[in-house]
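*Asks:* fold the stuff below for me.
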Amino acid sequence: MRLDAKTVHAPEIGPVWLNSPPLSLRQLRGRVVLLDFWDFTCVNCIRTLPYVREWHRRYESLGLTVIGIHAPEFHFGRAPEILAQGIAEFGLPYPVMLDNDYAIWKAFANKYWPSKYLIDPDGYMRYFHAGEGAYEDTELAIQDLLRERDARVELPAPMALLRPLDAPGVMAFCQPPTPELYLGHRRGRIANAGGFVEDKVHNYAMGAGPMEDLPELGGAWHSLADCAATAGAARLCVIYSGAEVNLVVSPTAESGLAELVINQNGEPVPAESRGADVELRSDGQTVVRITRPRMYSLIRSGSFAQALLEISCGVRGVQVFAFTFGSCVEGALETA
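*Replies:* Numbering: from 1, shown residues only. Below you'll find the predicted structure:
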């Protein structure tokens with residue numbers, strides 16, 4: 001959304017920075033500024049990062065400053081050392097500000113991960129986009145403001161789309177997947193009779209059966225506000241619709257490592273459906289090794305389907321936060 005009139009000054013940004021000296025919008029006057037509100041576990045944010053990196057590479061020397069505003073969705077994202085691992089994983093070369101208390105998020109009245117705000121050299125907000133997509137429109141808006149800054153600037157053609165799914169209107173052809181499912185009792189629900197036993201360790205009995213949009217727990221779990229933590233041998237089942245499944249997980253505090261056994265429809269995940277983080281163990285089981293807090297890719301299929309996903313874990317303290325699901329993969333487009 002373009003804001004052509006210079007009517008709204010951008011709020012000032014904050015003082016806590018991870019990979020840069022503190023910056024302010026006042027000291028950046030004269031430059032075009034792109035603010036990207038993101039979270040390193042957010043699948044929608046992750047998909048936009050290659051574009052943000054490239055805009056930084058293309059336009060930094062021409063007058064653009066890119067700043068990532070990291071507003072953590074889960075508690076572990078507040079730790080600078082954990083966020084630093086995420087920044088390294090995604091190869092982000094531009095400054096990242098920590099908005100752990102959501103002060104900047106609230107100042108901008110922001111509501112979405114990701115959200116992008118363009119600020120002109122005079123400090124006025126001139127463009128806004130929430131969510132994925134609109135990559136060419138965003139880059140053209142960057143170029144327009146760079147030309148306002150310097151009419152003689154020489155700019156490249158907008159970058160080619162990185163994925164067929166990024167083309168305008170493509171998402172409308174994709175079937176709606178299962179919505180994001182949370183495992184913390186503050187935002188989540190489960191199929192077990194009686195729901196979560198909040199803030200306590202409880203031995204959950206399976207029997208109700210998982211339902212779409214409603215996971216079922218089995219075994220020992222500690223229900224917390226934003227996650228469910230294993231308290232011994234534990235299982236988790238959910239029926240989902242989609243072509244892609246991701247899970248935000250944190251390993252145990254004791255060992256820093258954990259292993260989840262993943263089954264699809266009662267069997268190890270077939271090779272053609274395994275997400276990037278799924279491995280085939282020597283005993284034939286498909287597993288995900290949890291080495292640090294982040295989003296893990298469990299299922300990456302070429303077609304949209306409904307399936308039963310089962311996760312088992314035999315160690316204590318593994319924190320399971322949220323599932324995200326996707327339906328728009330290249331294979332899904334072929335059947336749309």
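*Asks:* only C-alpha atoms for contact and neighbour calcs from this point on.
*Replies:* Will do.
*Asks:* after the longest helix anywhere in the chain comes which helix or strand?
*Replies:* Scanning the chain for the helix with the most residues, using DSSP state H, yields helix 43-59. Counting by DSSP states H and E, the next helix or strand C-terminal to helix 43-59 is strand 64-70.
*Asks:* what angle separates the next helix or strand after that following strand from helix 43-59?
*Replies:* Later in the chain than strand 64-70, the nearest helix or strand by DSSP H and E is helix 80-90. Helix 80-90 runs at 70 degrees relative to helix 43-59, counting by axes from the mean of the first three to the mean of the last three CA atoms, to 10 degrees.
*Asks:* just the angle for helix 80-90 relative to strand 64-70, thanks.
*Replies:* Going by the same axes, to 10 degrees, helix 80-90 makes 130 degrees with strand 64-70.
*Asks:* ok, Val33 to Ile119 distance?
*Replies:* Distance, Val33 to Ile119, by CA to CA, to the nearest Å: 5 Å.
*Asks:* of those two, who's got more company?
*Replies:* Ile119 (28 against 25; other CA atoms under 10 Å).
*Asks:* tell me who's in contact with the residue nearest to the more buried one when sequence neighbours are not counted.
*Replies:* Nearest residue to Ile119 in three dimensions, chain neighbours excluded: Met125, at 4.4 Å (CA to CA, 6 or more residues apart in numbering). Met125 makes contacts with 3, 6-10, 117-119, as judged by CA atoms under 8 Å, 6 or more residues apart in numbering.
*Asks:* same list (those) but as TSV, adding pLDDT and distance to Arg26.
*Replies:* As requested, the contacts of Met125 are arranged in TSV below (pLDDT from 0 to 100; distance: CA to CA, whole Å):
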residue	pLDDT	distance to Arg26
Leu3	71	20
Lys6	70	16
Thr7	69	17
Val8	77	15
His9	78	11
Ala10	89	10
Tyr117	98	16
Leu118	98	15
Ile119	98	11
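*Asks:* which of those residues count as buried?
*Replies:* Buried subset of the contacts of Met125 (neighbour count, 16 or more other CA atoms under 10 Å): 10, 117-119.
*Asks:* what about the contacts of Met125, which are in strands?
*Replies:* Counting by DSSP state E, the contacts of Met125 place 117-119 in strands.
*Asks:* isn't Thr286 up against Val269?
*Replies:* Yes: Thr286 is in contact with Val269 according to CA atoms under 8 Å; the separation is 6.1 Å.
*Asks:* which neighbours do those two have in common?
*Replies:* Common neighbours of Thr286 and Val269 (CA under 8 Å, 6+ apart) are 262-263.
*Asks:* okay, now the domains of this structure?
*Replies:* Domain segmentation of the chain under automatic domain parsing yields 32-166, 181-334.
*Asks:* what's the least confident stretch among these?
*Replies:* Note on the domains of the chain: domain 181-334 shows the lowest mean pLDDT, a mean of 93.
*Asks:* now for the residue nearest the centre of the chain: which residues touch it?
*Replies:* Closest to where the C-alpha atoms of the chain average out (CA atoms, centre = their mean) is Cys42, at 0.8 Å. The contact partners of Cys42, by CA under 8 Å, 6+ apart, come to 113, 295.
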